[in-house]
Structures are given as C-alpha cells and as structure tokens.
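Colleague: For reference, the sequence and a predicted model appear below.
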Amino acid sequence: MSKRNTLIGLAAALCGCLLPAAAQQPNQEQMALNYFQNKEFEKAASLFATLYQQKPDNYYYTYYFQCLLETGDYKEAERVVNRQIKRMPDMQRFPVDLGYVYEKEGNPGKAQKQYERCLTGYRHTEQSLKELANAFLSCHQEAYAIRCYEKIRTLNGDPAAYAYELALLHSRNGRHEPALRELMLWVGAHPDKIGSVETELLSWTAEDEDNQKKTLIGKTLLQYTNKHPEEAVYARLLLWFTLQEKDFAAALKQAAAIDRRFRGEGRIVYETATIAGDNRAYAVALEGYEQIRKNYSEHSPCYEAAVAGSLHIRYLQLCETYPPALPDIRKLQTELDSFFSRHPLQDTYLETFMNRIEIESFYLKNNEKAKQLLQDACTRSKLSATGKAACKLRLGDLYHGEGEVWEATLLYSQVEKAFPNDTIGQNAKFKNARLAFYMGEFDWAKAQLDVLRAATSKMIANDAMQLSVLIEDNRSGDSLNRALHAYARADYRYSCKEYAQAKTELDSISLYEGAAALEDDALLLRARIAIGERQYPEADRLLESFMQRYPDGLLSDDALFLRARLQEEKLQDALTAMDLYQQLLKQYPDSLHAAEARKRFRVLRSSGNPQP
C-alpha cells in the first residue's frame with residue numbers, strides 16, 4: 001500500500017471515530033432539554049453535568065443549577081456556584097445564587113448573610129446594582145431588589161430613578177401606598193408615561209371589592225394635584241380617575257379647572273363632555289358643551305364640535321323619551337337644519353348628520369327630504385369615501401323601509417364593490433343577504449351569509465352565522481317554507497319599526513308547518529319588539545321566559561346579554577344587571593358579549609353597588 005493510501009486510510013479511520021463524538025453533544029443536549037421540560041430532573045442533571053463539565057458557560061450552568069435545586073442536591077449546587085464565582089467574580093448573579101442555595105437547604109440565616117454580603121461587600125456601580133437587582137428578582141427576593149434600586153438613587157442623586165420598577169415591585173407584594181408614591185414620582189419626571197400609569201392603576205382596581213385601593217388612589221391623586229398645581233400630569237390623572245369612577249359632574253369641574261389653568265381652550269372640557277355623553281350622563285354632557293359655547297369664541301378649536309355634540313345629545317334624549325313631544329322634535333329639526341346650513345358636511349359631523357336623517361325619516365315621516373339629504377351627501381359633500389359609503393347604506397335602508405328593494409340592493413352592492421375587504425363593505429354584503437332573506441330568497445341569502453362567516457368583524461360574522469343557521473334549521477317539509485317566510489316578514493317589519501305589523505306576522509307563524517322550530521327566534525323577536533315599543537317590563541318577562549325555555553340555545557347568550565342591558569339601562573336595576581352579567585360570564589365564557597359583559601359588570605361594581 002502506498003504512503004498516500006495509508007494516510008488516507010488513517011484519516012478515514014480518525015474521522016470515523018471523531019464524527020460520532022461531534023454529533024453526540026447536540027443529541028445529548030436535546031435529550032437533557034427533553035428531560036428538563038418533562039420534569040425528569042435527575043436524568044436531566046446527569047446529562048447537564050457532563051455538558052457543563054465540557055463547557056462551563058452560563059447556558060449549561062443555568063440548567064444544571066436548576067436541576068440540582070429540583071433534586072435537592074444542595075452540596076453539588078454550592079460547589080457549582082462557587083466554581084462560577086471563581087470563574088466570573090464580577091457577575092452579580094452567582095453570589096445571589098449561593099444565598100438561594102442556603103435558603104433552599106433550610107438555612108435562612110446563612111442565606112440572609114449572603115444576600116447582605118452581595119449588597120455591601122462590593123464597590124457597586126449603577127450597572128452592577130441593576131444586575132444585582134435582576135439576580136435577586138430571579139430568586140424571588142423582591143425586598144433586596146428594592147434595596148438595590150434605592151441604593152442606585154443614593155449613588156446618582158436622582159430621587160426618581162427607577163421609580164417605575166420600584167412601583168411594580170411594591171404593588172406585586174401588596175404594598176400599594178409606596179407603590180403609588182413611586183408612580184407619582186415617575187410620572188412627574190416623565191409626563192409622557194401617563195398612559196402606563198393609568199394602565200397600572202386600572203389593574204389595581206380590577207380586584208378591589210372593599211374599595212380600599214380606589215380610596216387610596218383618589219386621596220393620593222388629590223394630594224399631588226393640590227401640592228403641585230403647576231404640573232398638568234397630576235391634574236390629568238385625577239380627571240382620568242374621576243371618569244373611571246363615573247363621577248361625571250366632578251370630572252367636568254376638574255376638566256374646567258385644567259382648561260383654565262393650562263389654557264386648554266376647552267379641549268379637556270369637550271373630551272370630558274363627550275365621555276359623559278357616551279355613558280348616558282346627558283345632563284353633564286350638555287353642561288360641558290354649553291360651557292364651551294359660553295366661555296370661548298366661535299373661532300376656538302372646540303366651539304363648533306361642542307355645538308354638534310350638544311345637538312347629538314339632545315337627539316339621544318329624544319330617543320329615550322316616549323312619546324316624544326312634537327314641539328321638541330320640530331325645535332331640534334330647526335337647529336339641525338341651521339347648523340348644517342352654516343357648516344359643510346364633513347366626517348367630523350357625520351354622526352350628527354345621521355341624527356338629522358333619523359329626525360326627518362323616523363320622527364317626522366319625511367322620507368323624501370331624508371333621501372334628498374343623503375343623495376346630496378353622497379355626491380356633493382366633503383365627506384371621505386367611507387363617509388359617503390355610510391350615507392349610501394343609510395339611503396339603502398330608507399328605500400328598504402319603503403319596499404323599494406331593488407333600489408336598496410343597488411346601493412348596498414355599490415358599497416360592497418367599493419370596499420370588498422373593509423368592515424363597511426362586509427356590512428353592505430350582510431344587508432344585501434338579509435334583504436334577500438326578507439324577500440324569501442333563502443338559498444341565495446344563505447350562500448352570501450356563509451361567505452360572511454369569515455368576515456373580519458366578529459359582530460358581522462356572528463350575525464351572519466346566526467341568520468345562516470336560522471335558514472338551515474327551519475326549512476320544513478313544506479316546500480314553500482311558509483313558516484320561515486312569515487318569520488322573515490315579521491323581522492322585516494321589525495327592521496322598519498312597524499311593530500304592530502311585525503307582531504301580526506309572528507302570530508301567523510303557528511298556522512304553518514315548521515312553526516315549532518321557530519319558537520325560540522320568534523320569542524326573542526317579540527322581546528325586541530317590546531323594547532322598541534318601550535314596554536320594558538314585558539320585554540324583561542319575555543327574555544326571562546326565553547332563558548328558562550332555551551338555556552342551551554344558539555341565541556341564549558344574546559338573550560341574556562339583552563336582558564342584562566335592559567335591567568341596567570331601562571329598568572335601572574343595577575343588582576339584577578350585575579347578576580345577569582355574571583351569569584353570562586360563567587355560562588357562556590366564549591360568547592361574543594363576554595368582554596362587554598365583564599366591562600359593564602366592573603363599572604357597576606365600581607359605582608358602589610354591592611356584589612350579588
């Protein structure tokens with residue numbers, strides 16, 4: 001054999017021996033990780049011991065150290081930690097780990113001495129103290145981490161240094177008073193972080209049945225606002241907290257004070273009035289808008305928006321008055337006409353414009369004027385494309401109410417085509433599908449609804465699913481589907497607010513085959529009609545009956561949520577509403593209404609209502 005061949009043979013033999021060894025470590029590491037994840041710590045410790053001996057870096061140390069603690073091998077853990085301390089004496093983590101070993105083996109006194117040595121036995125810098133704080137936190141030693149951050153303050157002379165970190169540590173351990181002081185220090189030094197402070201305080205109040213935290217927050221914010229009148233951030237926090245407590249009258253006073261002190265030109269008052277209106281505190285909202293009209297010129301930034309807001313609130317009050325007085329309707333109509341004669345229609349005023357359409361079409365039965373206003377808005381206004389699409393949909397609704405089905409579907413189709421992937425386009429598609437349902441074109445309607453079940457809007461997807469299931473489940477042996485046609489006509493009349501005709505159609509369902517399968521849908525529709533007629537006790541009775549008869553039905557969470565809102569908003573029974581919201585969260589945790597039910601429950605509870 002030549003020398004060359006001999007060398008090649010030797011090289012091949014060497015590679016054959018070395019390759020398995022090279023491949024062994026990744027396999028061993030993967031096995032060790034699998035054992036660790038499966039909590040088989042003794043097996044994992046054996047493998048990590050080998051890996052750590054081969055490469056004593058922090059990665060293998062961390063796993064090996066944890067395995068030793070889990071298996072109770074504290075002597076080996078101590079030996080490994082001391083080895084790391086010798087290898088990397090400047091790392092703050094390992095001396096703390098040593099104290100943690102003492103603590104785990106049942107020697108708290110020795111552990112405390114070691115922790116103290118970590119704090120006082122070194123010439124610390126800000127960076128080393130930050131590392132030490134993180135090391136203490138990894139060993140669940142929050143009190144020592146707090147001392148690290150306090151030592152940094154002494155070191156650099158900044159009394160607000162690491163205030164946010166300290167606040168989180170204090171609150172995590174239930175020490176809310178020092179946590180709140182730290183938050184006030186932090187937001188005072190960093191006013192742009194007010195949102196983070198609001199989020200943290202909100203998390204405190206989520207679990208505060210005895211209202212102790214809220215009392216502390218309110219007292220502290222008032223103290224800081226009075227002590228630092230030149231700092232807007234404390235006043236804004238107090239305003240935010242007052243709004244969270246739904247004390248809108250007090251919030252409006254605070255907003256007015258902030259606007260005066262910091263020359264807000266009415267912006268804070270406007271925001272507060274709008275929030276009050278959104279929460280149905282109509283008197284406070286109107287007072288806020290009126291303050292802007294009285295105290296600021298017509299050229300101020302919020303003046304015209306306040307006028308529009310006032311008109312919107314008065315429209316909402318009109319909607320909740322039954323029966324509304326015709327002089328009040330006429331007066332609001334005149335003021336709306338006057339407002340839009342002075343201001344070109346733009347997106348900012350679209351909501352108020354839609355109120356004007358409702359006044360003309362629903363209250364004054366003047367559909368022709370309402371349609372003309374909407375047509376002008378679609379063609380001659382300064383509205384955005386989306387705003388014009390919204391007007392087209394409303395115009396389609398008016399044609400739909402008049403029985404002009406083809407005009408309605410043409411408008412809906414135009415919006416659907418222009419915005420195929422937007423919520424407004426999906427809403428147009430749903431309106432078209434529902435219109436087909438009203439006309440008895442069940443197959444076509446269901447095909448469209450099935451597409452919409454994948455819509456980006458959860459509400460549209462849910463509505464599409466429910467109507468699709470209604471069609472699928474209620475096709476009877478009667479090839480004409482007369483019961484389903486009768487229900488579709490009833491739903492159509494309800495959508496047009498023709499409640500008497502809707503009830504007549506519902507009464508007729510029982511004459512047809514397949515009526516029994518529609519009983520739950522018909523009962524829920526009767527409840528909705530009763531709400532439309534402002535027969536609130538009757539609506540509550542019907543909804544209660546629905547829940548007793550169909551607790552596991554597809555519409556059960558809808559009925560329960562509707563009843564809870566009825567109790568809260570119309571019957572003014574907060575305790576019953578809270579009980580119903582709790583029922584929904586327990587019985588239907590995956591409901592589309594769960595998030596809103598949880599929010600409303602917390603608001604009612606925070607308003608001083610005892611938990612049911």
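Modeller: Now that the structure is in, tell me what you want to look at.

Colleague: for the stretch 501-612 of the chain, what spans make up the strands?
Modeller: With DSSP state E, counting those that start in this stretch applied, the stretch 501-612 of the chain shows no strands anywhere along its length.

Colleague: In contact with Thr71, which residues?
Modeller: Listed by CB atoms under 8 Å, 6 or more residues apart in numbering, the contact partners of Thr71 are 41-42, 45. C-betas here are computed from N, CA, C, even on glycine.

Colleague: Over to Thr50?
Modeller: Thr50 makes contact with Gln28 under the criterion CB under 8 Å, 6+ apart.

Colleague: And it, how far from Asn38?
Modeller: Relative to Asn38, Thr50 is positioned 19 Å away (CB to CB, to the nearest Å).

Colleague: which of the contacts of Thr71 tops the neighbour count?
Modeller: Neighbours here are counted as other CB atoms under 10 Å. On that basis the top member of these is Ala45, with 24 neighbours.

Colleague: what's it sitting at in phi/psi?
Modeller: Main-chain dihedrals, Ala45, degrees, to the nearest 10: phi -60, psi -40.

Colleague: that older thread, can you tell me which of the contacts of Thr71 is closest to Lys458?
Modeller: When these are compared for distance to Lys458 (CB to CB), Phe41 wins out at 43.9 Å.

Colleague: where's the closest one relative to Leu98, distance?
Modeller: Distance, Phe41 to Leu98, by CB to CB: 20 Å.

Colleague: Redo the contacts of Thr71 as CSV? Include distance to Lys294 and pLDDT.
Modeller: Shown next, in CSV, are the contacts of Thr71 (distance: CB to CB, whole Å; pLDDT from 0 to 100):
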residue, distance to Lys294, pLDDT
Phe41, 73, 94
Glu42, 79, 94
Ala45, 77, 93
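
Colleague: Report the buried residues of stretch 96-103.
Modeller: The neighbour-count check on stretch 96-103 (16 or more other CB atoms under 10 Å) flags 96-103 as buried.

Colleague: among the residues you listed, which are in helices?
Modeller: The members of the buried residues of stretch 96-103 that map onto helices under DSSP state H are 96-103.

Colleague: between those residues, which is nearest Asp376?
Modeller: Within the set of these, Val96 lies nearest Asp376; the separation is 73.3 Å, counting by CB to CB.

Colleague: so which strand or helix has the closest residue to Ile359 other than its chain neighbours?
Modeller: Nearest residue to Ile359 in three dimensions, chain neighbours excluded: Gln333, at 5.2 Å (CB to CB, 6 or more residues apart in numbering). The secondary structure element spanning Gln333 is helix 326-342 (assigned by DSSP states H and E).

Colleague: quick one on the thing from earlier: so which of the buried residues of stretch 96-103 comes closest to Glu287?
Modeller: Relative to Glu287, and with distances defined as CB to CB, the nearest of the buried residues of stretch 96-103 is Val96, at 58.3 Å.

Colleague: For the closest one, list the residues it contacts.
Modeller: By CB under 8 Å, 6+ apart, the residues touching Val96 are 114-115, 118, 132, 135-136, 138-139, 141.

Colleague: of those residues, buried ones?
Modeller: 114-115, 118, 132, 135-136, 139, 141.

Colleague: Distance of the residue most central in space within the chain relative to Thr423?
Modeller: For the chain, Ala595 is the residue whose C-alpha lies nearest the centre (CA atoms, centre = their mean; 7.1 Å). For Ala595, the distance to Thr423 (CB to CB) stands at 18 Å.

Colleague: hang on, the earlier thing: right, and the residue nearest to Ile359 touches Ser361 too?
Modeller: No. Using CB atoms under 8 Å, Gln333 is not in contact with Ser361, being 11.6 Å away.

Colleague: Surely Leu452 is in contact with Ala461?
Modeller: Yes. Between Leu452 and Ala461 there is a contact at 6.5 Å, judged by CB under 8 Å.

Colleague: who has more neighbours, these two?
Modeller: Neighbour totals were compared for Leu452 and Ala461, and Leu452 leads with 21 against 18 (other CB under 10 Å).

Colleague: So Glu287 sits against Lys253, correct?
Modeller: No. With the criterion set as CB under 8 Å, Glu287 and Lys253 do not qualify as a contacting pair; they are 10.1 Å apart.

Colleague: Those two: who's more crowded?
Modeller: Regarding Glu287 and Lys253, a neighbour count based on other CB under 10 Å identifies Glu287 as having more, with 18 against 15.

Colleague: show me what contacts that one?
Modeller: By CB under 8 Å, 6+ apart, the residues touching Glu287 are 252, 273.

Colleague: Can you classify it by secondary structure?
Modeller: In the three-state summary, Glu287 is assigned as helix, counting by DSSP: H, G, I helix; E, B strand; the rest coil.

Colleague: how near is it to Ser310?
Modeller: The span separating Glu287 from Ser310 equals 10 Å under the rule CB to CB.

Colleague: And the contacts of the helix or strand where Ala500 lies?
Modeller: In this structure, Ala500 is located in helix 499-508 according to DSSP H and E. Defining contact as CB under 8 Å, 6+ apart, one finds that helix 499-508 is touched by 486-487, 489-491, 493-494, 522, 525-526, 529, 532-533.

Colleague: If we only consider those, which is nearest to Asn367?
Modeller: Arg493 (16.6 Å).

Colleague: Quick check: closest non-adjacent residue to the closest one.
Modeller: Ala502 (3.7 Å).

Colleague: residues touching Tyr60, list them.
Modeller: Applying CB under 8 Å, 6+ apart, the residues contacting Tyr60 are 48, 51-52.

Colleague: any idea which of the residues you listed has the most stuff around it?
Modeller: Comparing the contacts of Tyr60 by number of neighbours (other CB under 10 Å), Phe48 comes first, having 26 neighbours.

Colleague: Run the chain-centre distance for the helix or strand harbouring that residue.
Modeller: Assigned by DSSP H and E, Phe48 belongs to helix 41-54. Taking CA atoms, centre = their mean, to the nearest Å, one finds helix 41-54 lying 46 Å from the centre of the chain it belongs to.

Colleague: Over to stretch 466-473?
Modeller: Computed by CA atoms, centre = their mean, the separation of stretch 466-473 from the middle of its chain amounts to 29 Å.

Colleague: do stretch 268-287 as well
Modeller: Here the centre of mass of C-alpha atoms in stretch 268-287, compared against the chain's by CA atoms, centre = their mean, lies 22 Å away.

Colleague: Need the mean per-residue confidence for it.
Modeller: With pLDDT averaged residue by residue, stretch 268-287 scores 95.
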